[in-house]
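Novice: Okay, sequence plus prediction incoming.
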Amino acid sequence: MKMMLYLIVDPMCSWCWGFRSAWQALREELPSSVQIIDLMGGLAQDTDQPMDEPTRQYVQNAWRTVASQTGALFNFEFWETCKPRRTTYPACRAVIAAGLQDRSARSTMYEAIQRGYFLEARNPSDTDTLIAIAHQIGIDSEQFARDLTAVQTQKTFADELATARTFGVTGFPTVIWRCEDDEGNSRYGLLCAGYTDADSLRARWAELIC
């Protein structure tokens, strides 16, 4: 019997940032046999256009709500020092590109982008920022820059988006469980859709029976 958890997220999703501590708490208690598969969900498509004022206010209000409900910290200097665009696809591709060098670098890049965006007032919609973060986490930044636009990165991202759609995911974070028996038959279910606190996650996990 195999158990897998699909974590569908976006590095620039504020609710994913708020979910971070709850997810880490659950992960620390999971059996080592549980396989974790992270998928980039793609919150906002590519654009070169600056974020308009209503969207700026919408996102800032979301930050305040997430901070209030989860205790996550946010650096609102971002809105004064950066030129935001409503695109998270570059950040998603950056996670995938980092993983081409080292599978474990996916999670490292994901977390570094989150810190850069929400705490350090850096703009992960900008390629220069992503390359600088790649250098910061210790991967080959020149290779990373090439991989950002590589066909393999684009295909992997498209595949991950397609998988999220197949699961019916409409928001982030979402965690899907999959149980596979010895004959290869699988069952799927929803562990959480949207922010869920650590106690609720533990309770839902405890209810799962394969």
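Specialist: Ah, there it is.
Novice: Could you use CA atoms for every contact and neighbour count after this?
Specialist: Noted.
Novice: How many residues are close by C13?
Specialist: As a burial measure, C13 scores 24 neighbours (other C-alpha atoms under 10 Å).
Novice: can you give me how far stretch 121-137 is from the chain middle?
Specialist: With C-alpha atoms, centre = their mean, to the nearest Å as the basis, stretch 121-137 stands 16 Å off its chain's centre.
Novice: So which bits of it are buried?
Specialist: 121-126, 129-131, 133-134 (16 or more other C-alpha atoms under 10 Å).
Novice: can you tell me which of those are in strands?
Specialist: Judged by DSSP state E, the buried residues of stretch 121-137 include no members of strands.
Novice: The closest residue in space to P90 that isn't next to it in sequence and E180: what is the separation?
Specialist: Closest residue in space to P90, ignoring its immediate chain neighbours: S125 at 5.8 Å, by C-alpha to C-alpha, 6 or more residues apart in numbering. Distance of S125 to E180, given as C-alpha to C-alpha, to the nearest Å: 38 Å.
Novice: got the contact list for the residue located most distally from the centre of the chain?
Specialist: Farthest-out residue of the chain from its mean C-alpha position, per C-alpha atoms, centre = their mean: E183, at 31.9 Å. Contact partners of E183, counting by C-alpha atoms under 8 Å, 6 or more residues apart in numbering, are absent.
Novice: Phi first, then psi, for it.
Specialist: Taking degrees, to the nearest 10, you get phi -100, psi 0 for the backbone angles of E183.
Novice: just S141 next, same as before
Specialist: Residue torsions, per degrees, to the nearest 10, at S141 are phi -70, psi -30.
Novice: correct me, but it touches H135?
Specialist: Yes - using C-alpha atoms under 8 Å, S141 is in contact with H135, at 5.1 Å.
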